[in-house]
Structure formats: C-alpha cells, structure tokens
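> Below: sequence and its predicted model.
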Amino acid sequence: MNSRIYTALFAVSILVVSGSKAQQLPLNGTNQEAENMATSLKSFAPGTIWPDNNGVHINAHGGGILLHGKKYYWYGEHKIEGDAGNKAEVGVHCYSSSDLYNWKDEGIALRVSDDTASDIRKGCILERPKVVYNPHTKKYVMWFHLELFGKGYKAARTGLAVADKPAGPFTFVKSYRPNAGMIPFSPDVSGKNEQVNCRIPTNKSDSFFCRDLPGGQMARDMTVFVDDDGKAYHVFASEENHTLHIAELTNDFMGHTGKFIRVYIGHQTEAPAVFKKDGKYFMIGSGCTGWKPNAARWFSSNSIWGPWTYEGNPCLGPDAGLTYGGQSTYVLPVAGKKDAFIFMADKWVPNNAIDGRYLWLPIIFKNNKPEINWQDKWDLSVFN
Ligand code: GAL
C-alpha cells in the first residue's frame with residue numbers, strides 16, 4: 001500500500017483498534033482534517049498516533065535527536081507493516097522540528113542497500129540509530145546497532161554512516177565489534193567490580209567478555225553521548241546483553257579509542273540513554289525482555305568513567321513497573337530551558353511494527369533524582 005493511502009486509512013481506522021480515549025485523529029475525519037491537526041500540535045500525547053507535516057504517523061522508532069542550530073532532527077528506524085517491519089527494509093528516517101511537537105518529514109537519511117554483499121543489505125536488522133555532529137570534521141556521524149542479513153541477532157555489531165548535511169544522505173562506512181583485544185579502563189575510583197580476569201573468568205558475563213576479547217565485543221542496544229568537553233561515547237549492551245559498555249570514540253567520532261568501562265555487570269541492561277545535569281551523569285535503561293516492556297532503571301555517576309550507581313526505577317504511578325508499556329531510547333535536553341529533559345521511549349508493536357508508538361514524558365528532578373510520571377497530554381510549560 002502506498003503511504004498516502006495508508007495514512008488515510010490509518011487516520012479513520014486506527015482509533016477503533018486501541019479503544020484509547022487519547023487518540024488525536026478524528027474517527028470520521030478526512031485526511032485534510034488530519035493534516036490540519038498535524039501542523040498545529042501544541043502538546044505531546046504519549047502513545048497516540050503522532051502525525052508529521054503530511055498527516056502520516058511518524059516513522060522513527062528506537063530513535064535519537066540531534067539539536068543543530070535551532071532545529072531538532074529526529075532519527076529512527078523506519079518500520080514497515082506486519083512483523084516484516086522488525087527488519088530493515090528501508091533504513092533510517094529523519095524528521096525536523098523547531099518546537100518538538102510538529103515534525104517535518106525529511107525523508108530517509110540512510111537507506112539500506114540492494115547490494116547483497118553490503119553489511120546493510122535490505123532485510124538486515126538496523127536498530128537505535130543515533131546521530132552526532134563533529135565540529136572538527138563538520139560531518140554528521142550516525143552510529144547504530146547492526147545485525148547482518150539472515151543471521152538473527154548473532155552478529156551484534158555496531159555500524160557507522162556519515163553525511164555532510166543533517167538530513168543526509170548518509171553513506172555507510174563500516175560495521176564491526178568494538179574494542180578487540182582491549183581490557184576495560186580502570187580509574188582508581190571504580191573499584192574492582194568492573195575488572196575482568198580472563199585467566200579465570202568468574203561469572204557468565206566475564207566468560208562472554210573473554211570469549212569476545214580477540215574479535216571485539218558484542219554491541220547491540222546503544223546510544224551515543226557527547227559530553228560538554230566535546231568527547232563522545234558509545235554506550236552499548238555487550239556480553240550477550242549481560243553488561244553495558246561505555247566506550248570512548250575518537251576525536252572525529254568515527255571509531256573507538258579502546259578506552260571503555262563495563263557497567264552493572266551481569267544485570268542485563270538494555271536501551272541506554274545518557275544525559276548530564278549540573279556536572280553529574282545520569283543513565284536510564286531497561287531490562288532485557290525483547291519487545292515486551294519491563295521496568296526502567298536509572299544510574300548516576302560523577303564521572304563518565306564511573307563508578308555508576310544503580311538507583312532503581314525512575315517511573316512512578318500505575319504501570320511504572322512496565323515503563324507504561326514502553327522502553328527507553330533517548331533522553332532529550334530541551335534547548336533554552338534549564339533542567340528540562342524529555343524521556344523518550346518506544347511502545348513496540350512487533351506484529352505490526354509500523355504502528356509502534358512514542359512515549360515522550362517529562363523528567364522532573366526531585367532532590368536531584370529524576371522522576372517520570374505518566375501524562376495523557378502535556379507540553380513544555382511543565383518545565384517553567
Ligand atoms: C529489545 C531491544 C530492541 C530490539 C528487540 C528485539 O530488547 O531493545 O532494540 O532489539 O529487543 O527483540
């Protein structure tokens with residue numbers, strides 16, 4: 001089905017499906033009405049259809065945001081209908097916005113390839129793309145989780161693409177498992193917990209780490225975080241998803257330096273999202289239950305190199321134990337507002353991937369601890 005027809009049908013039919021009262025598009029509405037609403041959104045309505053400037057539900061799952069100049073760019077997995085949508089049939093979709101409510105379709109920023117020899121061959125799995133801008137090279141750098149065509153989730157690689165303009169087109173550069181042959185960095189403060197002795201691995205996670213030492217560490221769910229000093233870090237689920245790694249990127253953001261730490265060993269943290277407030281580092285992630293939701297978890301640290309402290313679930317209220325049905329993907333600092341952060345999560349719909357929803361919720365700090373509460377509808381004035 002072409003996307004226009006799909007949109008029209010979507011607008012009139014999707015509301016019936018979920019029975020939720022918070023849907024935005026009118027049941028008997030025309031596509032024109034949907035488009036009018038789409039261009040004048042003034043609030044977030046988590047979990048509902050989120051129309052772009054063409055009235056089409058935004059298609060940018062597992063996404064991340066780049067603020068460049070005064071514009072935000074949202075990159076995410078473009079999904080198609082059905083469970084086929086869990087594979088990358090199209091690529092990474094990009095949208096732009098100046099107010100965070102209304103998003104303009106900027107098209108496909110990175111396209112998967114028809115070349116059967118390409119690492120990003122159509123039908124591969126390409127997840128959680130994150131784009132950062134490198135001021136030295138003036139390039140837009142995209143990292144993502146890549147699984148090679150036909151190999152399920154076995155490859156566990158990270159992929160890299162680069163562009164001269166924020167909306168692309170991005171060119172695929174390489175994919176690999178990072179930090180081959182490297183042992184974790186050990187700052188004095190981090191204690192011994194994150195260390196690993198490959199002569200006698202003492203737990204499952206250490207065994208996976210040691211197994212992968214020669215060829216590089218597994219890299220699945222991920223984010224990229226750029227610190228105030230301009231250094232960038234790739235944060236990813238490694239060691240068969242048992243342990244997170246935080247790894248430094250080179251100055252051009254195009255490779256790994258080999259310096260990294262392991263965080264919360266053996267506790268299966270996925271979907272990491274890192275942010276910084278008043279010099280302190282925060283991370284929100286999830287447990288490891290595939291497309292099914294679980295409880296979010298947060299961590300804090302005074303240094304990117306740890307020690308990172310596990311702090312429990314930042315979500316409160318009904319359904320907090322399941323992150324309101326979603327899974328973290330990014331934490332967005334709102335430009336021009338102090339201490340304003342948006343928790344971005346995906347509500348996956350694996351049997352019809354294109355229908356995945358976005359849960360954007362405000363993070364409110366109480367006694368320096370992030371709290372997230374469900375909102376049917378909210379706007380940026382909550383941060384005033
Ligand atoms: C989730 C992960 C998603 C995707 C999914 C596949 O745990 O966060 O990005 O990989 O598993 O089952």
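Looks like it arrived, so ask away. None of these values were measured; they are calculated from a predicted model. Numbering: from 1, shown residues only.

> Measure how buried the nearest residue to Asp252 once chain neighbours are set aside is and give me the count.
Ranked by Cβ to Cβ, 6 or more residues apart in numbering and with sequence neighbours excluded, the top spatial neighbour of Asp252 is Thr137, at 5.1 Å. Heads up, the C-betas are built off the backbone N, CA and C, glycines and all. In terms of burial, Thr137 registers 14 neighbours under the definition other Cβ atoms under 10 Å.

> Give me the number of neighbouring residues for Ile200.
Ile200 has 8 neighbours, counted by other Cβ under 10 Å.

> is stretch 286-301 up against the ligand anywhere?
Yes. If you take Cβ under 6 Å from any ligand atom as the test, stretch 286-301 does meet the ligand, through Cys288, Gly290, Trp291.

> ok, and the most crowded of the residues you listed?
For those, the largest neighbour count, defined by other Cβ under 10 Å, is 17 neighbours, found at Cys288.

> Let's verify that one: helix, strand, or coil?
Three-state call for Cys288 (DSSP: H, G, I helix; E, B strand; the rest coil): coil.

> Cross-check the contact I'm expecting between it and Tyr264.
No. Counting by Cβ atoms under 8 Å, no contact exists between Cys288 and Tyr264, whose distance comes to 11.8 Å.

> quick one, what contacts the residue of the stretch 1-150 of the chain found nearest the ligand?
Taking Cβ to the nearest ligand atom as the measure, the point where the stretch 1-150 of the chain comes nearest the ligand is Glu127, at 4.6 Å. Contacts for Glu127 were tallied using Cβ atoms under 8 Å, 6 or more residues apart in numbering; they are Gly62, Glu77, Phe144, His145, Leu146, Glu147, Arg220, Asp221.

> what subset of these is also close to the ligand?
With Cβ under 6 Å from any ligand atom as the criterion, the subset of the contacts of Glu127 in contact with the ligand comprises Gly62, Asp221.

> Select from the contacts of Glu127 every entry located in helices.
Counting by DSSP state H, none of the members of the contacts of Glu127 fall within helices.

> Which of the contacts of Glu127 ranks first by neighbour count?
Most surrounded of the contacts of Glu127: other Cβ under 10 Å gives Phe144, at 31 neighbours.

> what's the residue nearest to Asp252 in contact with, if anything?
By Cβ under 8 Å, 6+ apart, Thr137 lies in contact with Asp252, Phe253, Met254.

> Next: Pro370.
For Pro370, the contacting residues are Phe282, Ile284, Trp298, Pro314, Phe341, Ile363, Ile364, by Cβ under 8 Å, 6+ apart.

> change it to 10 Å
Under the criterion of Cβ atoms under 10 Å, 6 or more residues apart in numbering, the neighbours of Pro370 are 275, 277, 282, 284, 298, 300, 311, 314-315, 331, 341, 343, 363-364.

> Contact residues of the protein facing the ligand?
That would be Gly62, Glu127, Arg128, Asp221, Glu270, Ala271, Cys288, Gly290, Trp291, Gln327, which are the residues of the chain within reach of the ligand (Cβ under 6 Å from any ligand atom).

> hang on, the fourth one packs against His245?
Spelled out, that is Asp221. No. Applying Cβ atoms under 10 Å, one finds Asp221 not in contact with His245, separated by 11.2 Å.
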